[in-house]
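Engineer: Have a look at this prediction, sequence included:
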Amino acid sequence: MIVTTFTMFFIGTLRLWSDHSSPHRHASLAYSSVNLAPSPRPIRSFRQTPRSCCLYHAVMIAAPGALALRRLAHLVARHAPHDGVFPLRLPGTYALRRALMSSEPVHATLAPCLCIVAQGAKVVMLGREMYEYDSARMLVFAVDLPVSGQVTRASRRDPFLGFKLDLDPARVAEVATRVYPRGVPKASDNRGLYVGCTTDGIIDAVTRLLDLMDQPEDADLLGPLVVDEILIRLLRTPIGSRVAQIGQPKSGVHRIAEAVSWIRAHFAHPFTVEELAASVRMSASSFHQRFKAVTSMSPLQYQKVLRLHEARRLMLFQKMDASDACHRVGYLSPSQFSREYGRFFGSAPTKDIARLREEIR
């Protein structure tokens, strides 16, 4: 079973900083570490096209106010007193902090979720595509995706501060029936990862949700209602019809999500595209095309990336040698495993793991 290492993705547990040993010291500085002014320069759009330029200008016009972001950043910093990913009282909600920019990509597989930035900026890479998001732009994962990411704007004084909400397909489907009583509009594309403009309403709802976390009874009773509000506001944005596809059983995204779940559960076993397509009631050609549109890779490429992620985890955290990890994740040839590992992570397994262990120290 693959462990979805969200912590590794957002803070890079592969790299621990010496000043993390005192959480209380960081907690006392939580408020002062929040940037009290809006970013002096915007991050450029992830695609330099006429459409992205329009999106860029729309983001700058509709970006949440500085005061609202300052309040949200203060609350995130309070719930994430030092670098890390901190589960909040309500299941599926997390506060995130990273004090320094990433020196290299951190690899992980993330399930459907909404990512909000209160302060700082980050870039996520899926295949050959790059997505940048910050306090003006939110990131949505529609299916489980193996990605790499780097924090691109952060410092000890002004750390990266974020919030993550897991997206439950059943809940999204239920809320979508209220937002779209006449049926969910057809989505403009079937991507599994997309960026949208963050709104004042979403920032306000997330802020109120974090406010509730200090009051256990209120968090338990009112928290789910605020999560529904966040979903409603998300579904009413320009990317809402795409988000709604997460919970639609007949949508292409939902069918690909079924196939992705099967691959994740059986990543060490061989399969054919024809067999996988039949399992989700699609033709092989249509399935292959749709799968690549959603994940930016073919089904076999997706399986390979999962295998490499899991092999790296086994070697790093379970101290398994390369040969055993290679066979555990389904490779028959150690030499093929070593070649593909080196191409993907930049160095051979033994050298890569030695470097990561040295950094952890």
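Structural biologist: Arrived safely.
Engineer: And for the residue nearest the centre of the chain, nearest residue in space, chain neighbours not counted?
Structural biologist: Residue closest to the mean C-alpha point of the chain, counted by C-alpha atoms, centre = their mean, is residue 110 at 5.2 Å. Among residues not flanking residue 110 along the chain, residue 141 sits closest, at 5.3 Å (C-beta to C-beta, 6 or more residues apart in numbering). Quick note: C-beta positions are derived from backbone N, CA and C, even for glycine.
Engineer: Give me the pLDDT for that neighbour.
Structural biologist: At residue 141, the predicted lDDT confidence score is 96.
Engineer: That one contacts residue 193, doesn't it?
Structural biologist: Yes: Residue 141 is in contact with residue 193 according to C-beta atoms under 8 Å; the separation is 5.7 Å.
Engineer: Who has more neighbours out of the two?
Structural biologist: Neighbour comparison, residue 141 and residue 193: the larger count goes to residue 141, with 23 against 20 (by other C-beta atoms under 10 Å).
Engineer: just checking, what packs against the helix or strand harbouring residue 316?
Structural biologist: Using DSSP states H and E, the element containing residue 316 is helix 299-317. Counting contacts by 3 or more C-beta pairs under 8 Å, 6 or more residues apart in numbering; DSSP states H and E, helix 299-317 packs against strand 106-110, strand 145-153, helix 252-265, helix 273-279, helix 284-295, helix 322-328, helix 334-345, helix 349-360.
Engineer: For residue 137, find the nearest of the ones you listed.
Structural biologist: strand 145-153 (12.6 Å; C-beta to C-beta).
Engineer: And the contacts of whichever helix or strand comes after that closest one?
Structural biologist: Downstream of strand 145-153, the first helix or strand assigned by DSSP H and E is strand 160-166. With C-beta atoms under 8 Å, 6 or more residues apart in numbering as the contact definition, strand 160-166 has outside contacts at 6, 10, 34, 72-73, 76-77, 80, 85, 91-99, 111-122, 151, 153-154, 206, 210, 227, 230.
Engineer: cool, and stretch 315-335?
Structural biologist: Outside stretch 315-335, the residues touching it (C-beta under 8 Å, 6+ apart) are 14, 267-270, 307-308, 310-311, 314, 337-338, 349-350, 353, 356-357.
Engineer: In the stretch 251-361 of the chain, where is pLDDT below threshold?
Structural biologist: 360-361 (pLDDT under 70).
Engineer: any idea where the strands of the stretch 1-150 of the chain begin and end?
Structural biologist: With DSSP state E, counting those that start in this stretch applied, the stretch 1-150 of the chain shows strands at 84-87, 93-98, 106-110, 113-119, 121-126, 129-134, 137-141, 145-153, listed in chain order.
Engineer: Quickly run through the sheet partners of the first one, with directions.
Structural biologist: Just to be clear, that refers to strand 84-87. Using DSSP bridges, the strands paired with strand 84-87 in its sheet are strand 93-98 (antiparallel).
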